[in-house]
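Student: Predicted coordinates and the sequence they were generated for:
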Protein chains: 2
Amino acid sequence: MDEIHKVFQFITEIDKLKAVTRQNRPIGINRMENSAEHSWQAALLAMTMAKYSPVSIDQAKVVQMLLLHDIVEIDAGDTILYDEVGREAKEIEELAAAKRIFSLLPSDIGDEYLATWCEFEERKTPEAIFAYAMDRLIPVVQNFTNRPTTWEEHGVSIEQVIRLNTPIGDGVPEAWQIAEREIRKAFDEFTNK
Amino acid sequence: MDEIHKVFQFITEIDKLKAVTRQNRPIGINRMENSAEHSWQAALLAMTMAKYSPVSIDQAKVVQMLLLHDIVEIDAGDTILYDEVGREAKEIEELAAAKRIFSLLPSDIGDEYLATWCEFEERKTPEAIFAYAMDRLIPVVQNFTNRPTTWEEHGVSIEQVIRLNTPIGDGVPEAWQIAEREIRKAFDEFTNK
């Protein structure tokens, strides 16, 4: 009963992720998206794409990673991918957030979630590499579909977009082939307009 | 490659779920929540609570159900639990939506998702019963924590709240014990104010 109470506290706490704003608009919706709805889509995309991974991956682990990966933003906020300095500075803050939030849970579950979160952050296992690719792919699809792109709005260069999103290809090579082509098309369109 | 294109179309389409509004506020956030962020929380709650199920359940299946369960609202909209007549009328519309949206996917994945969605709706398997319980539990926690509750705002009676949420106990009996006590406290508070 005490454990169930702890789960209730955790689930109440994570409602706050719905108030953390990212720097992407959902397609056709005129507001920035939040990290909770993004996490849903990332987990669902990973579940759907898992069969196209060229290496064997534990699909349940990948889904778990993506359901959990952004929870630290409740304390640390979201930092846009293209702010490379800001992202590095955030690492300590994010680890502290993971420890605080997962410790609300019964210790066995909290320890498991913290380990999964760290595994994702380290990006070394096939599951973490795949999950990271799916996490990257969604804002790319939103940006090459929406106008104006938040790339334009943030003055991000095509070189930076290509370089920082190339890890999509480590998850599903064909997905990166399509995405790269669409990124180039989008930049052509708005730099020549 | 053609299959990956289809997954891109699906993932673009489901962005629309972020614009479907539910009749619950996230805790401490002054707006109604949308069905995408709710789906994230439902899947995460189910993953966390799975070990407290008194019967053996396939956790990955439960998570899949909750990632998918509300996608039909892209076409059919959200209907509040307490509109019992409206909910029954929605069934045909929701099945048509499931068929349309899942058919965007490569057929093996689309067929699997449609079957999972139907299994959830029928609420007969242990996984569907558990997933439904978790789906119910979140707005209950939000409502007994937030003031004003959307129960007050919609003039829902305590009898209706108790009756329609009792299935939470079919998933995790202890969770329903806590929830029922908190529902009664919340109603005491706002009916006596």
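Tutor: Noted; the coordinates are in hand.
Student: Give me the contact status of stretch A:87-107 with chain B.
Tutor: Yes - interface with chain B: stretch A:87-107 contributes residue A:105 (C-beta under 8 Å from any C-beta of the partner chain). Glycine gets a C-beta too; all of them are placed from N, C-alpha and C.
Student: One more: stretch A:32-43?
Tutor: Yes - using C-beta under 8 Å from any C-beta, stretch A:32-43 reaches chain B at A:33-34, A:36-37, A:39-41, A:43.
Student: In PyMOL, select just the buried ones from those.
Tutor: This is the PyMOL syntax for the buried subset of these, where burial follows 16 or more other C-beta atoms under 10 Å in any protein chain shown:
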select buried, chain A and resi 33+34+36+37+39+40+41+43
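Student: pLDDT averaged over stretch A:171-178 - what is it?
Tutor: Averaging pLDDT along stretch A:171-178 yields 98.
Student: for stretch A:134-145, that is, sorry about that
Tutor: Stretch A:134-145 comes out at a mean pLDDT of 96.
Student: Counting only helices, which of the residues of stretch A:32-43 next to chain B make the cut?
Tutor: Of the residues of stretch A:32-43 next to chain B, the ones assigned to helices by DSSP state H are A:36-37, A:39-41, A:43.
Student: who touches the residue minimising distance to the centre of chain A in this structure?
Tutor: In chain A, the C-alpha nearest the mean C-alpha coordinate belongs to residue A:135, at 3.7 Å (C-alpha atoms, centre = their mean). Counting by C-beta atoms under 8 Å, 6 or more residues apart in numbering or on different chains, residue A:135 makes contact with A:42, A:66, A:69.
Student: which one of those residues is nearest residue A:131?
Tutor: Comparing the contacts of residue A:135 against residue A:131 with C-beta to C-beta places residue A:66 closest, at 5.4 Å.
Student: Which strand or helix spans the closest one?
Tutor: Taking DSSP states H and E as the definition, residue A:66 sits inside helix A:59-68.
Student: what's the angle between that helix and helix B:59-68?
Tutor: Orientation check (axes from the mean of the first three to the mean of the last three C-alpha atoms, to 10 degrees): helix A:59-68 against helix B:59-68 gives 40 degrees.
Student: buried sites along helix A:59-68?
Tutor: Buried-residue list, helix A:59-68, by 16+ other C-beta under 10 Å: A:59-68.
Student: what's in contact with it?
Tutor: Helix A:59-68 has contacts (C-beta under 8 Å, 6+ apart) with A:39, A:42-43, A:46-47, A:50, A:113, A:116-117, A:119-120, A:127-128, A:130-131, A:134-135, B:40, B:43-44, B:47, B:59-60, B:63, B:67.
Student: before we move on, back to that, distance to residue B:103 and pLDDT added to the buried residues of helix A:59-68, as CSV?
Tutor: Below are the buried residues of helix A:59-68 laid out as CSV (distance: C-beta to C-beta, whole Å; pLDDT from 0 to 100):
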residue, distance to residue B:103, pLDDT
A:59, 22, 98
A:60, 26, 97
A:61, 29, 98
A:62, 25, 98
A:63, 23, 98
A:64, 28, 98
A:65, 29, 98
A:66, 25, 98
A:67, 26, 98
A:68, 31, 98
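Student: Which one of these is nearest to residue A:191?
Tutor: residue A:66 (32.5 Å).
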